[in-house]
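Colleague: Let me see the structure of the following:
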Amino acid sequence: MKEKSNLINIISARVLLSFSYGFLNILLSLYLHYIGYSFLQIGLILGTAIIINAVLAFLLSMFADHYGRKIVLIVLFVLFAISASLFLYTKDVILLSILSGLGGFTGSGGGPIGSGGPFGAIQTALITEFTERKDFSRILSIASVLGMLASSAGAFLVDGAEIAKINVYSLFYLAGILGIIGAAISLMLTDNKIRSKHLLPKVSWKNIIKLSIPTIPNGIGGGFVAPIFSLWFHLKFGLTSGQIGIIFGLSNLFTILMMYILPRFVTPSKELKTIIGTRIFSSVALILMAFTPLLLLTTALFVLRNGMQMGAIPIRQSFSMGIVDESERATSSGTTSMVRTGFSSISPPIAGNIISMNIDYPPLIGGVITMVDPFLYYFLFRKSFGQKR
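Modeller: Numbers count the residues shown, from 1 in each chain. Alright, predicted model coming up:
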């Protein structure tokens, strides 16, 4: 009974966070463009924010494993609430970068429970505390599906606010309120006193390094498109924030379907093959987006790409949590998140610069680079193919 109530609290807090990110991910780059920043400046702000969030993910995940995951999670929610509430009060480049980085709204993530950043690392580790190994994939799938549903609702909220003639950027204040509620829910979690003996990982460090390497091309390639996708749709097709919200919402709904289906057919022995297959598919879809002049076809590719890329996140979580010691799971997630998001910070300034040259360069370059990711997974973990774990 204790396990169930704790899982409900963890997932409930995540739902509120994902709902907030659902509209923040759409509004961030659009807001920066709205207040007058150039494409290069937007890229620099997002890149800096990503670096801040990556470092935060690495440090706080280690602190969470060593000092307690519950207290660190509460601190994160408070930081999120403060950052979202203050974001509209400044136009200073440095402050905007810091607030975006501390709040974790960097233009991507926030749906599936392990989609990156310190929140994903700590909440994923907390879920495994109250779940048996055989149920990792199923419970993480449920958490991710609910997170994506919330993220979809957040995306559709932008369109609703636009129809109601409400200033869509005022939704930042709503995110601040939901952050406080998330902190209050996290206060009710049970502390199982699971602690790592060392601040740095000592037991699973080899596997943590291997899990981190494929995230390098994934981060660099994804950084070309994920933080600026809403701006990209606006510039290429002239869409409003509400229309973009509908596209993002549809993408999230398809991702939910994939999250529901995949874990029910993928056993632990097939997790690696599934990770590789879905990432190849998503990279190809991203490349094809560069060559499609039609909004409907581009939207379909965007939906398919996100569904395959993010729909397999519970599978990857289960795979990584299964090969890492229980006391170092938050550190593992935080390390891979830091590597991925840290390297992704390279890309937004470049994407912001080249998007003015050719609108189709970001998805083309991003797709080619992310194609390296699945092949690194095969090379590093090929001995695990078909093995029961």
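Colleague: Now for Phe80, how many residues are close by?
Modeller: Here the number of neighbours of Phe80 (other CB atoms under 10 Å) works out to 28. C-betas here are computed from N, CA, C, even on glycine.
Colleague: Would you check that it makes contact with Leu17?
Modeller: Yes. Using CB atoms under 8 Å, Phe80 makes contact with Leu17 at a distance of 7.2 Å.
Colleague: And the next helix or strand past the helix ranked longest in the chain?
Modeller: Determined from DSSP state H, the single longest helix within the chain is helix 2-34. Downstream of helix 2-34, the first helix or strand assigned by DSSP states H and E is helix 39-67.
Colleague: ok, back up a step: what angle separates the longest helix of the chain from helix 39-67?
Modeller: For helix 2-34 against helix 39-67, the angle by axes from the mean of the first three to the mean of the last three CA atoms, to 10 degrees is 160 degrees.
Colleague: Tell me the gap between helix 2-34 and the middle of its chain.
Modeller: Distance of helix 2-34 from the chain centroid (CA atoms, centre = their mean, to the nearest Å) equals 10 Å.
Colleague: how about the helices of the stretch 101-250 of the chain, start to end?
Modeller: For the stretch 101-250 of the chain, helices defined by DSSP state H, counting those that start in this stretch occupy the ranges 117-129, 136-163, 171-186, 205-212, 215-223, 229-237, 241-265.
Colleague: Figure out which of the ones you listed is closest to Leu46.
Modeller: helix 215-223 (8.5 Å; CB to CB).
Colleague: mind listing what's buried in the closest one?
Modeller: The neighbour-count check on helix 215-223 (16 or more other CB atoms under 10 Å) flags 215-223 as buried.
Colleague: try stretch 48-59
Modeller: The neighbour-count criterion (16+ other CB under 10 Å) identifies 48-54, 56-58 as the buried residues of stretch 48-59.
Colleague: And stretch 195-215, by the same measure?
Modeller: 196, 201, 204-205, 207-208, 210-215.
Colleague: sorry, back to before: so what does the longest helix of the chain touch, helix or strand wise?
Modeller: Secondary-structure packing of helix 2-34 (3 or more CB pairs under 8 Å, 6 or more residues apart in numbering; DSSP states H and E): helix 39-67, helix 69-86, helix 93-103, helix 117-129, helix 136-163, helix 171-186, helix 229-237, helix 241-265.
Colleague: ok, and what's touching the shortest one?
Modeller: Translated: helix 229-237. Outside helix 229-237, the residues that touch it by CB atoms under 8 Å, 6 or more residues apart in numbering are 25-30, 33, 42, 107-108, 225, 239-241, 244, 247-248, 295, 298, 302, 355, 359, 362-363.
Colleague: got a list of what the closest residue to Ser152 other than its chain neighbours touches?
Modeller: Closest residue to Ser152 apart from its sequence neighbours, by CB to CB, 6 or more residues apart in numbering: Asn252 at 3.7 Å. Residues counted as contacts of Asn252 (CB under 8 Å, 6+ apart) are 22, 111, 148-149, 151-152, 155, 306.
Colleague: so where is the stretch 1-150 of the chain shaky, pLDDT-wise?
Modeller: Applying pLDDT under 70 to the stretch 1-150 of the chain picks out residues 1, 107-116.
Colleague: could you redo the last one with a cut-off of 50?
Modeller: Nowhere does the stretch 1-150 of the chain drop to pLDDT under 50.
Colleague: if we can go back for a sec, just curious, which of the buried residues of stretch 48-59 is nearest to Ser12?
Modeller: The shortest gap between Ser12 and any of those belongs to Ala57, at 21.9 Å (CB to CB).
Colleague: quick one: that closest one and Arg340 touch, right?
Modeller: No. Ala57 lies out of contact with Arg340 (CB under 8 Å); the separation is 9.2 Å.
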